[in-house]
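Peer 1: What would the 3D arrangement of this be:
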Amino acid sequence: MLIRTFLAATALCTPATALAQSMPGMDMGGHPHQAQSPAEAKPAPKRTTAPPAADPHAGMDHDAISGMAGTPAVQGEMPATDHGTMDHGSMAGSDNSAMAGMDMHGMKGMLGPYGMMRDASGTAWQPDSSPMWAIMGRHGAWSTMVHGYATLVYDNQGGPRGDEKSFVASMLMGMAQRPIGHGTLTLKAMGSLDPLMGKAGYPLLLATGETADGRTELVDRQHPHDAFMELSATYSRSLGRDLAGFVYLGLPGEPALGPATYMHRFSGVANPEAPISHHWLDSTHVTFGVATAGLVYKGLKLEGSVFTGREPDENRWNIERPRMDSWSVRVSVNPTANLSAQVSHGFLHSPEGLHPGEDVRRSSASVTWNLPLGDDRNWQSTFAWGRNDPAGGDHGHVTDAFLLDSAVQLGRWTLFGRAENVDKDELFGDEGGDPLAGRVFNVGKLSLGGYHSIPIGKLALDLGGLVSRYDLPNDIRPRYGSDLSSFMLFTRIRIVG
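Peer 2: Numbering: from 1, shown residues only. All right, here's what the predicted structure looks like:
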């Protein structure tokens with residue numbers, strides 16, 4: 001109950017605070033540094049508006065720049081373009097047209113006439129003021145970007161159903177972009193060595209979804225990501241003043257469903273563990289077969305996808321056959337430079353291989369607020385709701401999930417937190433002699449942590465940890481323990497540019 005109250009109160013306060021903080025004329029101060037080409041070491045002058053670019057439709061996926069896009073940078077660690085070069089005070093509350101001329105080594109908004117910082121995972125959006133770190137370059141007509149990280153984690157999940165394990169979670173992404181005709185082509189490739197941690201992934205209390213061996217469900221464990229996380233191409237083109245159309249194709253890729261994936265937003269990526277609400281909000285971020293088309297007008301985006309509903313199987317090294325049997329629609333809006341929101345709905349055909357006759361309708365709404373606080377200082381929070389409505393299988397219950405995550409960077413220190421409240425119906429299986437099988441239980445989790453960053457050239461070394469506590473119904477406390485807690489210790493090496 002405490003976690004649910006905290007989620008609701010913060011969700012009501014955050015949008016109001018965001019609007020207040022992003023009033024025109026407000027001085028947002030310096031922003032965390034941006035990545036730049038190794039060949040361009042001269043910093044840009046602060047607080048100046050970027051000149052208009054020749055092609056405002058060249059695209060770039062900022063957060064699909066993957067796991068660490070938006071991860072806090074450390075002071076003085078890169079000779080980078082300062083985000084202060086964008087005048088957030090003049091852009092906040094405007095029609096975002098001031099963002100259209102932003103150009104970082106030839107990269108601009110991937111889907112239309114806006115600044116590249118708005119792009120997140122897949123075709124999702126985040127606030128324009130969000131930070132991003134990567135190595136950027138220029139090779140002929142191509143603008144390029146490389147981003148990645150590797151995190152060594154010691155994981156200790158307490159209680160009778162807990163376990164401990166040391167593992168490495170990793171991601172590397174490359175992106176290339178160039179003008180083609182009257183539009184822009186963006187190519188992205190993202191991979192991971194997560195399959196090396198084993199098919200059963202890592203211990204994570206209350207996590208559910210997918211399978212380790214094709215026969216049993218993963219419960220109280222988080223599955224590893226596939227080796228191929230994204231191989232996509234996007235083409236966008238101007239259709240008139242402030243209007244653009246785009247097409248996105250991925251094998252794998254991410255459909256227009258849910259908020260920016262937790263790995264790809266500043267408020268969520270600091271925490272090395274996956275949310276227990278993952279399969280209500282953003283589990284489709286690795287989908288083998290996606291085609292998305294949409295329109296962008298200033299701060300508004302309308303898009304729809306057809307995609308493969310089936311989640312990746314237990315073979316994490318292959319590229320699976322696209323089925324294109326599901327669909328989704330999403331409306332996104334960025335009313336100010338510091339605020340982004342989305343509402344989406346989708347139909348997933350047979351998402352789980354262990355329940356092939358079951359389809360799911362998924363609905364989602366979210367708001368992300370970002371506030372630059374000065375040089376190497378930033379605060380971002382995301383509140384999200386997701387609902388799964390299954391039909392035709394073993395799960396006949398509508399279940400909801402609420403998530404609030406937040407991260408604040410204060411120089412080399414970053415503090416983060418995540419609160420979740422989720423209806424879980426797979427904790428004890430679907431059938432059999434267990435009296436708890438098939439029942440829905442409302443569970444809560446609160447995680448708090450932080451890390452310290454040490455600059456190492458174009459890399460940063462993060463040293464941190466987190467502690468989690470749980471709110472469980474009385475019926476399942478004997479199985480999990482009456483005073484349940486868990487913790488992680490981690491060290492992460494990441495590209496910062």
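
Peer 1: Provide the secondary structure category for Arg477.
Peer 2: With DSSP: H, G, I helix; E, B strand; the rest coil as the basis, Arg477 sits in helix.

Peer 1: Quick check, pLDDT for the residue lying closest to Ile276 once chain neighbours are set aside.
Peer 2: Once flanking residues are discounted, Ile276 sits nearest to Leu206: 4.6 Å by C-beta to C-beta, 6 or more residues apart in numbering. The C-beta positions use only the backbone N, C-alpha and C, and glycine is treated the same way. Note on Leu206: pLDDT of 98.

Peer 1: any idea how far the closest residue to Leu204 other than its chain neighbours lies from Ser447?
Peer 2: Residue nearest to Leu204 in three dimensions, not counting chain neighbours: Gln222, with 4.1 Å by C-beta to C-beta, 6+ apart. Using C-beta to C-beta, to the nearest Å, we find Gln222 at a distance of 13 Å from Ser447.

Peer 1: what touches both of those two?
Peer 2: Glu273 (C-beta atoms under 8 Å, 6 or more residues apart in numbering).

Peer 1: So for these two, which residue has more residues nearby?
Peer 2: Using other C-beta atoms under 10 Å, the more surrounded residue of Gln222 and Ser447 is Gln222, with 25 against 22.

Peer 1: Would you check that the more buried one makes contact with Glu273?
Peer 2: Yes: using C-beta atoms under 8 Å, Gln222 makes contact with Glu273 at a distance of 7.2 Å.

Peer 1: thinking again about what came up before, dump the residue contacts of the residue nearest to Ile276.
Peer 2: By C-beta under 8 Å, 6+ apart, Leu206 lies in contact with Asp220, Ile276, Val422, Lys424, Leu427, Val443, Lys445, Tyr470.

Peer 1: and the third one, how many neighbours?
Peer 2: When counting by other C-beta under 10 Å, one arrives at 25 neighbours for Val422.

Peer 1: That one is in what secondary structure piece?
Peer 2: For Val422, the host element (DSSP states H and E) is strand 413-424.

Peer 1: Residue ranges in the protein under the pLDDT threshold?
Peer 2: Where the chain drops to pLDDT under 70, the residues are 1-106.

Peer 1: residue nearest the centroid of it?
Peer 2: With distances taken as C-alpha atoms, centre = their mean, Thr261 lies nearest the centre of the chain, 2.4 Å away.

Peer 1: Pro255 versus that one, what's the distance?
Peer 2: Note on Thr261: its distance to Pro255, by C-beta to C-beta, is 12 Å.

Peer 1: what do those two both touch?
Peer 2: Residues touching both Thr261 and Pro255 (C-beta under 8 Å, 6+ apart): Gly122.

Peer 1: and stretch 245-265, how far from the chain's centre?
Peer 2: In terms of C-alpha atoms, centre = their mean, to the nearest Å, the centre of stretch 245-265 is found 9 Å from the chain centre.

Peer 1: Can you check the distance spanned by it, start to finish?
Peer 2: In stretch 245-265, first residue to last residue: 24 Å (C-alpha to C-alpha, to the nearest Å).

Peer 1: buried ones in that stretch?
Peer 2: Buried residues in stretch 245-265, counted by 16 or more other C-beta atoms under 10 Å: 245-246, 248, 250-265.

Peer 1: show me where the stretch 251-400 of the chain has strands.
Peer 2: All strands of the stretch 251-400 of the chain, identified by DSSP state E, counting those that start in this stretch, fall at 290-297, 300-307, 326-336, 339-348, 359-374, 377-391, 399-410.

Peer 1: now those strands as JSON lines including mean neighbour count and distance to Gly464?
Peer 2: Output for those, formatted as JSON lines (neighbours: other C-beta atoms under 10 Å; distance: least, C-beta to C-beta, whole Å):
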{"stretch": "strand 290-297", "mean neighbour count": "21", "distance to Gly464": "33"}
{"stretch": "strand 300-307", "mean neighbour count": "21", "distance to Gly464": "34"}
{"stretch": "strand 326-336", "mean neighbour count": "22", "distance to Gly464": "30"}
{"stretch": "strand 339-348", "mean neighbour count": "22", "distance to Gly464": "26"}
{"stretch": "strand 359-374", "mean neighbour count": "22", "distance to Gly464": "20"}
{"stretch": "strand 377-391", "mean neighbour count": "22", "distance to Gly464": "17"}
{"stretch": "strand 399-410", "mean neighbour count": "22", "distance to Gly464": "12"}
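
Peer 1: who's in contact with the residue nearest to Leu415 when sequence neighbours are not counted?
Peer 2: Sequence neighbours aside, Gly450 is the residue nearest to Leu415 in space, at 4.3 Å (criterion: C-beta to C-beta, 6+ apart). Contact analysis of Gly450 by C-beta under 8 Å, 6+ apart lists Trp413, Thr414, Leu415, Phe416, Gly464, Gly465, Leu466.

Peer 1: and with 7 Å instead?
Peer 2: Trp413, Thr414, Leu415, Phe416, Gly464 (C-beta atoms under 7 Å, 6 or more residues apart in numbering).

Peer 1: among the residues you listed, which ones are buried?
Peer 2: Neighbour-count burial (16+ other C-beta under 10 Å) applied to the contacts of Gly450 gives Thr414, Leu415, Phe416, Gly464.

Peer 1: Can you redo the residues you listed as JSON lines, where the extra columns are distance to Ala200?
Peer 2: Converted to JSON lines, these look like this (distance: C-beta to C-beta, whole Å):
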{"residue": "Thr414", "distance to Ala200": "30"}
{"residue": "Leu415", "distance to Ala200": "31"}
{"residue": "Phe416", "distance to Ala200": "26"}
{"residue": "Gly464", "distance to Ala200": "25"}
